[in-house]
Structure formats: structure tokens, C-alpha cells
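K.L.:
Need coordinates for the below:
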Amino acid sequence: MGYGFKVIVEGDYACFTRPELKVERVSYDVPPPGALEGLLKSVYWKPAIRYKIDKIIVFNPINFMNVRRNEVKDKVSYTTMKKQMKGENADPCIYTTQSRSQRASLILKDVKYGIEFHFELTGLRADNENDSENKHYNIIKRRLERGQHFRTPCLGCSEFPVKKIELVDEFDESLISSPILNMGDVDLGFMNYQVQFADKGVPVNGNWDNPKFSDAASTVYYRPHMVNGIIDVAKYREGLRC
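P.N.:
Just a heads-up that it's a prediction; the model follows:
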């Protein structure tokens, strides 16, 4: 196991979308490990490291709310953007009056999670021969302490930003709410563990300066239990066949 950290993450809203419910967005009761890995990558990420979630603690009661949102169903065309940058007559804009669709979402509100994680070296594109775990550990620790990030960390969907990330030495389990403790041992059913890309983080064109990655991916599932608000992700990871 590599260097580890413990952080507490809070947010007003969160949505960890269940892939089996495609028409309208419905959140899992708790965050999948892959979503939390993405959150941490917003703080610091290099091809040379990968994050591993070891434990998730759910502090606040699991409360849902229904919302309806206007969403844009199209994406900006990369080809059109390139044409405009070359001075060609191309319009990359998306007009919401033409591309807007209203969708209902069942999301979580007032969330607070404890995340215990570590990172490992991948051996991919090290900055130099002295690219060590200690170097990345110090960078991650400094950025967490200062609240730094290169993009806004979010709780599932980008429109639900993290309100607070706090680095702690230990979790105060006495802060786990009574409704969560009263749930005891909860079978959370089959959940998305993470999405694994076929290229394994290596550019398919072999060019790190102008990389092109594959979109081919598969989803890994697991079936965790939450015991008194704690999900021991490391225990379940031992049985995964990735």
C-alpha cells in the first residue's frame, strides 16, 4: 500500500447516477469509489499515480430530493472548434433554445463523507528518475491543506461542487448521525465500483505530448455493505477481478 490520507468532504447536493436507470437520473445512496477517485483527481493528478479508495464513512443521514433541471443534450463539436480556430466559417455554439431538454433527478442533499485513500505509482510517464512516492505525497498533502485544486471537485455531477475538503489525522466516528447508526448493517446491492478504460491511461498513439486516448471502457461492479456508516472498500476490492 502506498502513502495514505484521510479527508472529510461536504456538499449541499450530490448525484451519483445509477447506470441502470437511464431515462431520469437517480443517485446511489452512497458514493461509488470511482466517483471519489475522480474527485481526488481534481485536486492533484499525474499519469504516474493512481488513487485507491480504502474506506468511505457516511456521516449525515441519507436524504433525497427531487429536482427538475434544464439540460443541454448536445456537446460542442471538436471539429467545429478546430475549424473556427483556423479562421474558417464555423459556428461551435450550442443554442439552448434548440438543444434544451428538461429532466427530473433524484439527488442527495446535505452530504458529508469521510474518505480514506492511498495512491500507488503506475510507472507511466514519470517526470524524472527521482519521481518517488514521497514527492507525490508531499504535493497532495500541501494541496489538500491549502484547499488547492486545478478544477472544481464535484460530487458526482459537475453542477454539484464540493463545499469543503478537510484533511484530518483521524475520523471522529462519534459524528456519524443517529439515523445512519440505527441502520446497522446495510446491504447496498450491486454498485458501480469504477469505470476502467481499455487504454489503461496510455495514449493509443504513443505520443504523450499530443495524446489520444481510447473511449472504450467497461464498468466494474461490487456489492458492499455499510456497517454503522462505514464501507470497507479495501475489503471488497480483494475480491474484484479487474
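K.L.:
Next, the residues that contact stretch 102-110 from outside, please.
P.N.:
Contact with stretch 102-110 is made by 12-16, 24-27, 29, 60, 62-71, 155, 160, as judged by CB atoms under 8 Å, 6 or more residues apart in numbering. Using the backbone N, CA and C atoms, a C-beta is placed for each residue, glycine as well.
K.L.:
how does it look with 7 Å?
P.N.:
With CB atoms under 7 Å, 6 or more residues apart in numbering as the test, stretch 102-110 has contacts from 12-15, 24-27, 60, 62-71.
K.L.:
Out of those residues, which end up buried?
P.N.:
Neighbour-count burial (16 or more other CB atoms under 10 Å) applied to these gives Tyr13, Ala14, Cys15, Arg25, Val26, Ser27, Asn60, Ile62.
K.L.:
where does the last one land on pLDDT?
P.N.:
In this case it means Ile62. We have a pLDDT of 97 for Ile62.
K.L.:
Most widely separated two among the buried ones among the contacts of stretch 102-110?
P.N.:
Maximum pairwise distance among the buried ones among the contacts of stretch 102-110 (CB to CB): 20.5 Å, between Arg25 and Asn60.
K.L.:
Tell me how far Val233 lies from Lys112.
P.N.:
17 Å (CB to CB, to the nearest Å).
K.L.:
So between these two, which is more surrounded?
P.N.:
Using other CB atoms under 10 Å, the more surrounded residue of Val233 and Lys112 is Val233, with 21 against 18.
K.L.:
dump the residue contacts of that one.
P.N.:
Pro33, Ile53, Asp54, Lys55, Ile56, Pro224.
K.L.:
Mark which of those residues are part of strands, please.
P.N.:
Ile53, Asp54, Lys55, Ile56 (DSSP state E).
K.L.:
Please check the residues you listed and keep the buried ones.
P.N.:
Judged by 16+ other CB under 10 Å, buried ones among the ones in strands among the contacts of Val233: Ile53, Asp54, Lys55, Ile56.
K.L.:
tell me the two of those residues that are most distant?
P.N.:
Asp54 and Ile56 (8.7 Å).
K.L.:
Which strand residues bridge Arg103?
P.N.:
Counting by DSSP bridges, Arg103 forms beta bridges with Arg69.
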